[in-house]
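*Asks:* Test case, fold it:
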Amino acid sequence: MEESVRRSLPVNSRPVNDARPHIGLPAISRQPHRIAPDAPADPRPPAAADRDRHTPDWESGYRSLVVLGDLVATAAVVTVSAFVLHGFGAAWPITQWLALGTVLAVVCALPASRAWNPRVLGEGAEEFRRLGRGLFAAAVMVALGGLLFGALAVQPWVFAVIPAVALVSFPQRYVLRRWLHRNRRRGGCLLPVLAAGSPDTVRDLISRTRAESHVGWRVEAVCTFTGEGEPGSGELDGVPVVGRLDELADHVRRGGYRVVAVTADAYWSPRKLQQVAWDLEGTAAEMVVAPVLMEVAGPRLNVSGVLGMPLLRVTAPTFTGGRRLVKEIVDRVASALLLLCISPLLLAVAVAIKLADRGPVIYRQRRVGRNGQPFTMLKFRTMVVNADAVRRELLDANEGAGPLFKMRRDPRVTRVGALLRRYSLDELPQLFNVLTGRMSLVGPRPPLPEETKAYAADARRRLLVKPGLTGLWQVSGRSDLTWAESIRLDLRYVEDWSLALDLVILWKTVRAVLVGEGAY
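*Replies:* Residues are numbered from 1 along each chain as shown. Got it, this is the predicted structure:
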């Protein structure tokens, strides 16, 4: 890596070409487009010139891939469906018109729902939420068109063809997103960011962007009130400090940054922020202002103008109501179907455990559920029969943080148990807890009673919802997480949960379990 060399150079004189090998599709550049310091003057107006030279090649290329993938998926599903329906006796002229109308409906509905907006591509739940809304709108358009023209054969197109388009479009979006995130972890497909604020808040932003590269930001320069960095280095956490806050717009124009991240500092006032926004017009740089709030997601945040002031409205998290009822129904129905489908696997695991040491198959443990109510959680036994007694002798070898007891090589785990833990098969009996309503498919990790006794006030908010068979902790490192990280992820879920987020977590859980990430 040439990171140390890059950091020692001024931001707007870093080399344009990267020596690292190109990973992925050749049509997309892995590096954000930068402005060479000695580039000749552009004869066009500044706004037009800035917009062209600041647009990374990878961003437009990735959007083109997403659009092409959606169109190909739609065309393929519609074509196959047309021939299948015609084979079942549908009149060919009507089938042709319905096929054309379905394609046009999807092509119109997806951009109208902003499912192709570059800001959400690769962003997970919001991307899939907009794709789902677009396809639902397309189904409504096809249904209304059928009613308008009296086409009685429209039902299969609404209730079968468009859902089939979704079944193809969602996985292809997921594959593209995985490719994008893999490139971002390797340092490509990142938007150059200029952070402006106090040293402490800028450091927090830098650490977050490095830890969560999938967001697509790379802080490449910093502006502070004094224009100074750490003593003797002129940097903050390895990122060069290029100037003062009152010089922000000049540095953006010279450096070609795509994002200006404004963090908290006593210098900022509404008038100064407005002036910065005006100064950035025509630069293609997006201005992002971080509110003094943490772990609150977009669906709960709304900006509205009151008395001429832009106010950030934060809606309360949802713990009851219609959406919770839907979640409850989905939990019960899905757990019943899953238990029915995997019953042969459950039987095989039970036989393997019994044959290994003749001990009990199921391990029952008291856990704390919603509103602090205790319940008995079921798991396949993966340890020796007297594991709880042996645990007291192993406390000095605890590798977990906080109240958690974790050992990467726990001597209490049996040979069969190690295999079950690696692929989380030991947790399958918890589906019975979901079926009986004590747990949910997705939620915070079910805590032990002794853990809850050590909870601070914020950690106790985990108990406002049912614990889950899986959750953000499951798809973000599992046993590799620290205590503080697991608390932060659980609280994020409690505050910002949605049905779309549940679907994303369930999708990610399958992959995490199959590859055995972070399980021990």
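*Asks:* From here on, just use CA atoms for contacts and neighbour counts.
*Replies:* Noted.
*Asks:* Double-check that Arg364 belongs to a strand.
*Replies:* Yes: assessed with DSSP: H, G, I helix; E, B strand; the rest coil, Arg364 lies in a strand.
*Asks:* measure it to Val333 for me?
*Replies:* With distances taken as C-alpha to C-alpha, to the nearest Å, Arg364 is found 24 Å from Val333.
*Asks:* Also Pro171?
*Replies:* For Pro171 relative to Val333 (C-alpha to C-alpha), the value is 23 Å.
*Asks:* Next: Glu450.
*Replies:* From Glu450 to Val333 the distance is 32 Å (C-alpha to C-alpha).
*Asks:* Ok, Thr414 next?
*Replies:* Applying C-alpha to C-alpha, the value for Thr414 to Val333 is 33 Å.
*Asks:* what do you get for Gly132?
*Replies:* Gly132 is 22 Å from Val333, by C-alpha to C-alpha.
*Asks:* These two: which is more packed in?
*Replies:* Higher neighbour count among Gly132 and Val333: Gly132, with 20 against 12, using other C-alpha atoms under 10 Å.
*Asks:* Confirm that the more buried one sits in a strand.
*Replies:* No: using three-state DSSP, the assignment for Gly132 is helix, not a strand.
*Asks:* show me the contacts for it.
*Replies:* Gly132 makes contact with Ala166, according to C-alpha atoms under 8 Å, 6 or more residues apart in numbering.
*Asks:* Just the pLDDT for it.
*Replies:* We have a pLDDT of 94 for Gly132.
*Asks:* how many neighbours does Val241 have?
*Replies:* Quick note: Val241 (other C-alpha under 10 Å) scores 25 neighbours.
*Asks:* quick one: which helix or strand includes it?
*Replies:* In the assignment (DSSP states H and E), Val241 maps to strand 239-244.
*Asks:* partner strands of that strand, parallel or antiparallel?
*Replies:* Using DSSP bridges, strand 239-244 pairs in its sheet with strand 217-224 (parallel), strand 235-236 (antiparallel).
*Asks:* Return the distance of Gly234 relative to Ala221.
*Replies:* Taken as C-alpha to C-alpha, the span from Gly234 to Ala221 is 11 Å.
*Asks:* Looking at the two, which is more packed in?
*Replies:* Neighbour comparison, Gly234 and Ala221: the larger count goes to Ala221, with 27 against 16 (by other C-alpha under 10 Å).
*Asks:* Quick check: that one touching Arg244?
*Replies:* No: if you go by C-alpha atoms under 8 Å, Ala221 and Arg244 don't touch, sitting 11.4 Å apart.
*Asks:* following the helix or strand hosting Gly69, which helix or strand comes up?
*Replies:* Assigned by DSSP H and E, Gly69 falls within helix 57-87. Following helix 57-87 in sequence order, the next helix or strand is helix 92-112 (DSSP H and E).
*Asks:* how about that next one as PDB, C-alpha atoms only?
*Replies:* What follows is helix 92-112, C-alpha atoms only, in PDB (Å, rounded to 0.1, in the frame of the first residue of the first chain):
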ATOM      1  CA  TRP A  92     -51.200 -13.700 -28.200                       C
ATOM      2  CA  PRO A  93     -52.100 -10.100 -29.200                       C
ATOM      3  CA  ILE A  94     -53.400  -9.300 -25.700                       C
ATOM      4  CA  THR A  95     -50.300 -11.000 -24.200                       C
ATOM      5  CA  GLN A  96     -48.000  -8.800 -26.300                       C
ATOM      6  CA  TRP A  97     -49.700  -5.600 -25.200                       C
ATOM      7  CA  LEU A  98     -49.700  -6.600 -21.500                       C
ATOM      8  CA  ALA A  99     -46.000  -7.500 -21.800                       C
ATOM      9  CA  LEU A 100     -45.200  -4.200 -23.400                       C
ATOM     10  CA  GLY A 101     -47.300  -2.400 -20.800                       C
ATOM     11  CA  THR A 102     -45.500  -4.200 -17.900                       C
ATOM     12  CA  VAL A 103     -42.100  -3.200 -19.200                       C
ATOM     13  CA  LEU A 104     -43.100   0.400 -19.700                       C
ATOM     14  CA  ALA A 105     -44.700   0.500 -16.200                       C
ATOM     15  CA  VAL A 106     -41.400  -0.700 -14.600                       C
ATOM     16  CA  VAL A 107     -39.300   1.600 -16.700                       C
ATOM     17  CA  CYS A 108     -41.500   4.600 -15.600                       C
ATOM     18  CA  ALA A 109     -42.000   3.500 -11.900                       C
ATOM     19  CA  LEU A 110     -38.400   2.900 -10.900                       C
ATOM     20  CA  PRO A 111     -37.000   6.300 -11.700                       C
ATOM     21  CA  ALA A 112     -40.200   7.900 -10.300                       C
END
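*Asks:* what's it in contact with?
*Replies:* For helix 92-112, using C-alpha under 8 Å, 6+ apart, the contacting residues are 71, 74-75, 78-79, 82, 85-86, 116-117, 130-131, 134-135, 137-139, 141-142, 151, 153-154, 157, 162.
*Asks:* returning to that earlier point: which neighbouring elements make contact with the helix holding Gly69?
*Replies:* Counting contacts by 3 or more C-alpha pairs under 8 Å, 6 or more residues apart in numbering; DSSP states H and E, helix 57-87 is packed against helix 92-112, helix 162-185.
*Asks:* now the first one against helix 162-185, angle please.
*Replies:* This means helix 92-112. 40 degrees (axes from the mean of the first three to the mean of the last three C-alpha atoms, to 10 degrees).
*Asks:* where are the low-confidence patches of the chain?
*Replies:* For the chain, the stretches flagged by pLDDT under 70 are 1-56, 88-90, 150-152, 292-299, 307, 388-408, 477-481, 515-520.
*Asks:* Which segments of it make up each domain?
*Replies:* The record's domain split for the chain, according to automatic domain parsing, is 3-56+189-290, 58-184, 322-515.
*Asks:* Out of these, the one nearest Leu311 is which?
*Replies:* Minimum separation from Leu311 across those (C-alpha to C-alpha) falls at domain 3-56+189-290, 11.6 Å.
*Asks:* Can you list the residue ranges for helices in the stretch 201-350 of the chain?
*Replies:* Taking DSSP state H, counting those that start in this stretch to define them, one finds helices in the stretch 201-350 of the chain at 248-255, 270-279, 322-341, 343-357.
*Asks:* what's in contact with the last one?
*Replies:* Contacts of helix 343-357 from elsewhere in the structure, counted by C-alpha under 8 Å, 6+ apart, are 359-361, 380-382, 416-417, 428.
*Asks:* Going by neighbour count, which of those are buried?
*Replies:* 361, 380-382, 416-417, 428 (16 or more other C-alpha atoms under 10 Å).
*Asks:* Mind picking the two most distant members of the residues you listed?
*Replies:* Greatest spatial distance in those: Val416 and Leu428, 15.0 Å, computed using C-alpha to C-alpha.
*Asks:* tell me the centre residue of the protein?
*Replies:* Gly124 (4.3 Å; C-alpha atoms, centre = their mean).
*Asks:* what about the nearest residue to that residue once chain neighbours are set aside, distance to Arg129?
*Replies:* Here the nearest residue to Gly124 in space, its sequence neighbours aside, is Val504; by C-alpha to C-alpha, 6 or more residues apart in numbering that works out to 7.3 Å. Using C-alpha to C-alpha, we find Val504 at a distance of 10 Å from Arg129.
*Asks:* Those two: who's more crowded?
*Replies:* Of the pair Val504 and Arg129, Val504 is the one with more neighbours under other C-alpha under 10 Å, namely 20 against 17.
*Asks:* Now do the phi/psi pair for that one.
*Replies:* With angles defined as degrees, to the nearest 10, Val504 sits at phi -60, psi -40.
*Asks:* ditto for the one 5 residues further on
*Replies:* In this entry, Thr509 is assigned phi and psi values of phi -60, psi -40 (degrees, to the nearest 10).
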